[in-house]
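J.: Provide a 3D model corresponding to the input given below.
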Amino acid sequence: MNRRDVLAASTVAAIGGLPWLSAAAGAQRVDQTRVGIDQVEELRATLSDLDAIDQRFGGDRLWRSAQHTLQWVHNLLDRALFTADIGAELHSIAGQLTTSLGWYCYDAAQQERANVFFSQALNTALLSRDAPLAVRTLSNMARQAVDLGKPRDAIRFAQIATTHTGTWAPARVHSLLAVREAQGYARLGDTVGANDAILRAWRAFEQGPSDRDPQWSAFLNEAEMTCLEGMCRSDLGQHQQAVDLLGRSADMQDTAHDRNRGMCLVRLSGAALSAGDLDQSIAAAEASVRMIDSGMTSQRNKHVLLNVAVDLRPFGSDSRARNMIEQITAHAA
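T.: Just a heads-up that it's a prediction; the model follows:
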């Protein structure tokens with residue numbers, strides 16, 4: 001079974017047998033449906049599966065299905081029967097799914113949709129005083145802002161998120177917010193600000209994981225931290241340091257986080273080219289193309305890879321560079 005088949009099978013396993021995706025889901029009435037702990041656990045497992053598929057393959061094939069799931073949860077909240085405790089669980093699920101849906105849309109280059117879902121999730125968090133949801137959403141918004149060319153917004157979102165950490169947030173969450181802040185400073189070209197935030201991020205990360213770590217921070221392993229610092233170094237023009245960090249990260253990352261490894265590879269390709277190493281740039285780009293060919297759907301990764309193709313054009317006299325441009329265009333355009 002190739003990875004395209006795995007992606008399809010995984011999606012079916014996560015969401016295909018659930019009522020919100022049945023043929024009659026749009027018309028099905030839930031007025032007298034009684035929701036209990038079993039249904040809540042099924043929904044939470046579905047959210048976990050969706051996030052796991054996103055981590056491996058990207059969000060481009062997930063956001064529509066996730067949107068159906070969110071509509072079903074809202075339908076339950078509006079019409080179903082449940083206790084106050086179950087209602088609180090459903091509201092929590094709706095908030096977490098809304099910010100996940102914003103992330104899937106962001107990864108799928110559906111930025112207007114992403115903004116709508118992030119805004120909804122943040123409003124929900126603030127109205128319900130759900131600090132973890134506010135922090136997660138602001139962290140997502142900070143990452144998106146960097147890619148949209150709004151680094152000052154990224155810094156502001158990360159700093160505002162920090163004001164919601166209170167006493168509940170473990171070190172891993174503080175590490176994530178610091179590295180999001182660093183990405184904003186790096187895109188601004190502020191070396192001092194980026195270095196300070198990177199140092200804070202690593203100090204918090206090195207405190208290790210905790211039983212209190214929320215599931216949405218679990219992706220921040222050593223490989224990802226190394227990759228994010230490498231991306232910052234690349235944005236700061238510190239290309240050789242970026243190459244070293246990104247290459248190490250790509251070697252460390254596991255298959256469960258292939259989407260992140262794919263981003264690491266495309267950024268490695270660009271950094272290596274800026275550092276004057278055409279061979280390494282082409283090798284990283286080839287590895288990224290192979291990931292796309294075998295099921296990677298992240299439009300973010302494809303966009304960065306297309307930028308690499310543009311940067312390879314001055315090397316058009318080299319047959320390897322010409323061939324790589326053709327491969328990138330065929331797979332990522």
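J.: and the next element down the chain from the longest helix along the chain?
T.: Using DSSP state H to assign secondary structure, the helix with the most residues in the chain is helix 84-107. Sequence order places helix 111-127 as the next helix or strand after helix 84-107, per DSSP states H and E.
J.: just checking, what packs against that next one?
T.: If contacts are counted by 3 or more Cβ pairs under 8 Å, 6 or more residues apart in numbering; DSSP states H and E, helix 111-127 sits against helix 84-107, helix 131-147. (Each C-beta comes from the backbone N, C-alpha and C, glycine too.)
J.: ok, now with 10 Å
T.: Counting contacts by 3 or more Cβ pairs under 10 Å, 6 or more residues apart in numbering; DSSP states H and E, helix 111-127 packs against helix 63-79, helix 84-107, helix 131-147, helix 151-162.
J.: buried set for the longest helix of the chain?
T.: 86, 89-107 (16 or more other Cβ atoms under 10 Å).
J.: same deal with stretch 298-309?
T.: Ser298, Gln299, Arg300, Asn301, Lys302, Val304, Leu305, Leu306, Val308, Ala309.
J.: next one: stretch 225-245
T.: Along stretch 225-245, these residues count as buried under the neighbour rule (16+ other Cβ under 10 Å): 225-236, 238-239, 241-245.
J.: on that earlier part again, what angle sits between the longest helix of the chain and helix 63-79?
T.: Interaxial angle of helix 84-107 relative to helix 63-79 (axes from the mean of the first three to the mean of the last three Cα atoms, to 10 degrees): 160 degrees.
J.: report the angle between the axes of helix 84-107 and helix 131-147?
T.: Per the same axes, to 10 degrees, the angle that helix 84-107 makes with helix 131-147 is 10 degrees.
J.: so where is the stretch 201-333 of the chain shaky, pLDDT-wise?
T.: Scanning the stretch 201-333 of the chain for pLDDT under 70 picks out no residues.
J.: let me see the contact set for Arg143.
T.: 103, 106-107, 154, 157-158, 176, 179-180, 183-184, 228, 300 (Cβ atoms under 10 Å, 6 or more residues apart in numbering).
J.: and these as CSV, adding distance to Ala197?
T.: Compiled in CSV, those are given as follows (distance: Cβ to Cβ, whole Å):
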residue, distance to Ala197
Trp103, 22
Tyr106, 21
Asp107, 23
Ala154, 11
Phe157, 13
Ala158, 8
Leu176, 11
Val179, 7
Arg180, 8
Gln183, 8
Gly184, 8
Leu228, 11
Arg300, 22
